[in-house]
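Enquirer: pasted the sequence and its predicted model underneath.
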Amino acid sequence: MKRLIALLLLHQGIALAFPWYASGEGIWGADLMSPEERSAYVRALQTSASREDCEAVVAAQRQRVVERARSRGVNLPPSPASPCALMERMGRFRGDAPACPAGR
C-alpha cells in the first residue's frame with residue numbers, strides 16, 4: 001500500500017519525501033530506534049541538500065541500527081533500497097521541492 005501511495009505521488013508530480021516517515025513507519029530498523037531518533041532521522045533526510053548527503057544520513061542510520069541489533073541479539077531483515085533514489089526521482093534535491101512535513 002505504501003509503495004502504491006509513493007508511486008501515485010510520483011505520478012502526480014508531488015515531490016514529498018515519504019510522508020509516512022514522519023510517523024516512524026517504513027524506516028528500516030525503526031523498532032530499534034526511539035521516537036526521537038526516528039524524528040531526527042526524518043529531519044536529516046528532509047534537510048539533505050543532495051543525494052550524497054541523503055545517502056550519508058541513510059548509511060549512518062543503518063550502521064547504528066546494525067550495531068544496536070547485534071548488541072541485542074536481534075536478527076534484522078535485509079535492508080531495503082535507500083529512500084534517496086526515490087526522493088531524487090520525486091524532485092527532492094532540485095531545490096524547489098517541499099520537504100515532507102515532520103511530525104504530522
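Expert: Sure thing, it's come through. Residues are numbered from 1 along each chain as shown.
Enquirer: okay, now the unreliable bits of the chain?
Expert: For the chain, applying pLDDT under 70 flags the ranges 1-25, 95-104.
Enquirer: just the CA coordinates for stretch 58-68, please, in PDB.
Expert: Extracted in PDB, the C-alpha atoms of stretch 58-68 (Å, rounded to 0.1, in the frame of the first residue of the first chain):
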ATOM      1  CA  VAL A  58      21.000   6.600   5.500                       C
ATOM      2  CA  ALA A  59      24.300   4.900   5.900                       C
ATOM      3  CA  ALA A  60      24.900   6.300   9.300                       C
ATOM      4  CA  GLN A  61      21.400   5.300  10.500                       C
ATOM      5  CA  ARG A  62      21.800   1.800   9.100                       C
ATOM      6  CA  GLN A  63      25.200   1.400  10.800                       C
ATOM      7  CA  ARG A  64      23.700   2.500  14.200                       C
ATOM      8  CA  VAL A  65      20.800   0.000  13.700                       C
ATOM      9  CA  VAL A  66      23.100  -2.800  12.800                       C
ATOM     10  CA  GLU A  67      25.300  -2.200  15.800                       C
ATOM     11  CA  ARG A  68      22.200  -2.000  18.100                       C
END
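Enquirer: residues contacting whichever strand or helix holds residue 59, please?
Expert: Using DSSP states H and E, residue 59 maps to helix 51-72. Outside of helix 51-72, the residues within contact range by Cβ atoms under 8 Å, 6 or more residues apart in numbering are 27-29, 32-33, 41, 44-45, 48, 74-76, 79, 82-85, 87-88, 92-93. The C-beta positions use only the backbone N, C-alpha and C, and glycine is treated the same way.
Enquirer: please indicate which of the residues you listed are buried?
Expert: Buried members of the contacts of helix 51-72, counted by 16 or more other Cβ atoms under 10 Å: 27-29, 32-33, 41, 44-45, 48, 82-84, 87-88, 92-93.
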